[in-house]
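Asker: Based on what follows, work out the 3D shape:
(2 chains)
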Amino acid sequence: MSDGFAGAVTSSSENELLRAFVDMADTLVDEYDVADMLHRLAKYCVSLLGASAAGLLLADQRGGLEVAASSDEGTRMLELLQLQTEQGPCLDAYRGGESVRVEDLSAEAARWPRFARQASAAGFQSVQALPLRLRRQVIGTLNLFGRGPSPLAGSSLGVARALADIATIGILQERAIRRGELLTEQLQHALNSRVVIEQAKGVLAHAGGVEMDAAFDRLRAYSRAHNERLSEVAEAVVRGELPPEQVLGED
Amino acid sequence: MNQAVPGVGDFAEAVSPMLSNLLAALREGRDVTAPLAEVCGAVAELMPVDGAAVSLIVEGSQRVLVLASDQVVEHLDTLQFSLGEGPSFEAFATGRPVLVPDLSRSLPESWPVFGAEAALAGIGGIFAFPLRRGAVKLGAMDTYRRALGCLSEEELATILRGTDLVTSALLAVAAAGAAWETQGGAVGAMVRDRAVVHQATGIVLAEFAIPAEQALARLRAYAYARGRLLDDVARDLVARRLHPREIEE
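Answerer: Numbering: from 1, shown residues only, chains lettered A, B, ... in the order given. As a prediction, the model looks like this:
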């Protein structure tokens, strides 16, 4: 189906994205060092995406930001400066949860006086700050700096975003592991709870002679009325711990 | 699917955009059923086989089909689910690839019924791979070829690279989905395909007051004894064309 040779023109950043992705998956399974993964991510951004420098800000669990990784010491200082002065594109991206892109930092002296001056003095002209976000939770930012008007090679923004997503999932997963939650159980549990809900619908439909949709409505009504999770009510029905009549009898 | 054995670059070009979509869906909290199937589909396209299917395996005997690249391999999945046996159950259970290059010559002892059925469906060789990383077992990938013969070393390496990618995608879904609501979140929609079987399981367990696993086993035995697929028997039960009393041991 494929001609098998299309890979010759593939950009190396896509190759590396896959490698980073598989790498990350390893880190999801075993105990690993988040700092090391973030450091690698910062390096990837420079070597693959054409950024001149990269840094990562990460919120600790109390919401305070810290510099988690940087491609070099100068970038680390720029990130620290933003934290100290509480201003800069990376902080804006963190607070707003949206990507911030600036192509000419020298024109932003009014917006971020100290940061714009220092970044220009360090030879940077542009910056792209990407929030590390999963749904509504923003846990930090990935920041790319450029010596020219663009912090990234043309098509690399998508790859940068994917790398940021990978890092976000990795960080959150590491926190989940520290809370004692096991990955195997999470997916199995999510799937299994759906299976059990369907089974409970079958039990109720049979016991009450009602259609599946009606059975589901009763199940949901019962779980709401009793302030219990749908999957827990379903489990009790399937195990025979909660008689179907009790669920069917309530509206 | 592919004559020339693809290298890393082919995977990168074909899979990267799909992967970005999947990650974006996870980031935004959207249903990942379609983007996950696209990642698996892009990988399957590059496999040196005629068809590939990706299944999540739940609690050992339930399975959720994430992708089937063609109807033949989809039928193989249905058959395995129906019988409760087959190469991908074995790959999942043992954590090792199950390589059967010629189904007509050697019917594996652990899944005789499935093997015979698959040979009838025109399958030459079946190759199943566990989708696992470390101690985390997620599911399995079934692949088949019409022609007989072993996978070359190179072909095997390509398939393993593909299963690595698919496993990584499943892990990302598992990890990102974990932060979500317990009602199924990102993966809830995947179960929908087999909903009718789970509902039928509920009907049977209610009729006989037995555990769900036992009810499913009875359904499987009933379907097998009548030469029918589990899905079809389940549909009859849910539509009340068949009374659960019939599903005796």
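Asker: Give me the pLDDT value at residue 61.
Answerer: In the absence of a named chain, this looks at chain A. On the pLDDT scale, residue A:61 is placed at 73.
Asker: should've been chain B
Answerer: 77.
Asker: How about the one 5 residues further on?
Answerer: You'll see residue B:66 listed with a pLDDT of 91.
Asker: could you say which helix or strand contains it?
Answerer: Element membership for residue B:66 (DSSP states H and E) is strand B:62-68.
Asker: chain center to that strand, what's the gap?
Answerer: Per Cα atoms, centre = their mean, to the nearest Å, the displacement of strand B:62-68 from the mean C-alpha position of its chain is 4 Å.
Asker: just checking, what packs against that strand?
Answerer: Using 3 or more Cβ pairs under 8 Å, 6 or more residues apart in numbering or on different chains; DSSP states H and E, the elements in contact with strand B:62-68 are helix A:183-208, helix B:33-45, strand B:51-58, helix B:71-83, strand B:136-145. Heads up, the C-betas are built off the backbone N, CA and C, glycines and all.
Asker: List the strands paired with that strand, with their directions.
Answerer: The strands that strand B:62-68 pairs with in its sheet are strand B:51-58 (antiparallel) (by DSSP bridges).
Asker: Just the mean pLDDT for the helix or strand residue B:25 falls within, thanks.
Answerer: Assigned by DSSP H and E, residue B:25 falls within helix B:8-28. Computed over helix B:8-28, the mean pLDDT rounds to 84.
Asker: That one near chain A anywhere?
Answerer: Yes: under the criterion of Cβ under 8 Å from any Cβ of the partner chain, chain A is reached by helix B:8-28 at B:8-17, B:19-20, B:23-24, B:26-28.
Asker: Output the residue of the stretch 151-251 of chain A whose distance to chain B is smallest.
Answerer: Of all residues in the stretch 151-251 of chain A, residue A:202 sits closest to chain B, at 2.2 Å by Cβ to the nearest Cβ.
Asker: Enumerate the beta-bridge partners assigned to the residue sitting nearest the centre point of chain B.
Answerer: By Cα atoms, centre = their mean, chain B has its centre lying nearest to residue B:55, at 2.7 Å. With DSSP bridges as the criterion, residue B:55 is bridged to residue B:65, residue B:140.
Asker: any idea how far residue B:62 is from it?
Answerer: 10 Å (Cβ to Cβ, to the nearest Å).
Asker: Domain ranges for chain B, per the record?
Answerer: As assigned by automatic domain parsing, chain B contains the domains B:8-182, B:195-243.
Asker: Could you check these and tell me which one is nearest residue A:226?
Answerer: Closest approach to residue A:226 among these (Cβ to Cβ): domain B:8-182, 16.3 Å.
Asker: Mind checking what secondary structure residue A:57 has?
Answerer: strand (DSSP: H, G, I helix; E, B strand; the rest coil).
Asker: That one is in contact with residue A:139, isn't it?
Answerer: No: Residue A:57 is beyond contact range of residue A:139, at 9.6 Å (criterion: Cβ atoms under 8 Å).
Asker: who's more crowded, these two?
Answerer: residue A:57 (27 against 22; other Cβ atoms under 10 Å in any protein chain shown).
Asker: Spell out whether the longest helix along chain B and chain A are in contact.
Answerer: Longest helix of chain B, by residue count under DSSP state H: helix B:153-177. Yes: figure legend: helix B:153-177 in contact with chain A (Cβ under 8 Å from any Cβ); contacting residues B:164-165, B:167-168, B:170-177.
Asker: Scan the residues you listed and report the most crowded one.
Answerer: For the residues of helix B:153-177 next to chain A, counting by other Cβ under 10 Å, the largest number of neighbours falls to residue B:173: 30 neighbours.
Asker: Any idea what residue A:56 is bridged to?
Answerer: Judged by DSSP bridges, the bridge partners of residue A:56 are residue A:69, residue A:142.
Asker: Show me what the helix or strand of chain B with the lowest mean pLDDT is packed up against.
Answerer: Within chain B, no helix or strand scores below helix B:8-28, which has a mean of 84 by mean pLDDT, DSSP states H and E. Contact analysis of helix B:8-28 by 3+ Cβ pairs under 8 Å, 6+ apart lists helix A:12-29, strand A:126-134, helix A:156-178, helix B:33-45, helix B:153-177 as its packing neighbours.
Asker: ok, now which ones touch residue A:158?
Answerer: The contact partners of residue A:158, by Cβ atoms under 8 Å, 6 or more residues apart in numbering or on different chains, come to B:17, B:20.
Asker: which residues of chain B score low on pLDDT?
Answerer: Along chain B, the model assigns pLDDT under 70 to residues B:1-9, B:60, B:177-192.
Asker: hmm, I was thinking of the stretch 101-250 of chain A
Answerer: For the stretch 101-250 of chain A, applying pLDDT under 70 flags the ranges A:154-155, A:181-185, A:250.
Asker: In the stretch 1-150 of chain A, what residue spans correspond to helices?
Answerer: With DSSP state H, counting those that start in this stretch as the criterion, the stretch 1-150 of chain A has helices at A:12-29, A:34-49, A:73-85, A:89-96, A:113-121.
Asker: that older thread, from the residues of helix B:8-28 next to chain A, list the buried ones, please.
Answerer: Buried positions within those, assessed by neighbour count (16 or more other Cβ atoms under 10 Å in any protein chain shown), are B:9-17, B:19-20, B:23-24, B:26-27.
Asker: related to what we said a few turns ago, relative to helix B:153-177, how tilted is the helix holding residue B:25?
Answerer: If you take axes from the mean of the first three to the mean of the last three Cα atoms, to 10 degrees, helix B:8-28 sits at 10 degrees to helix B:153-177.
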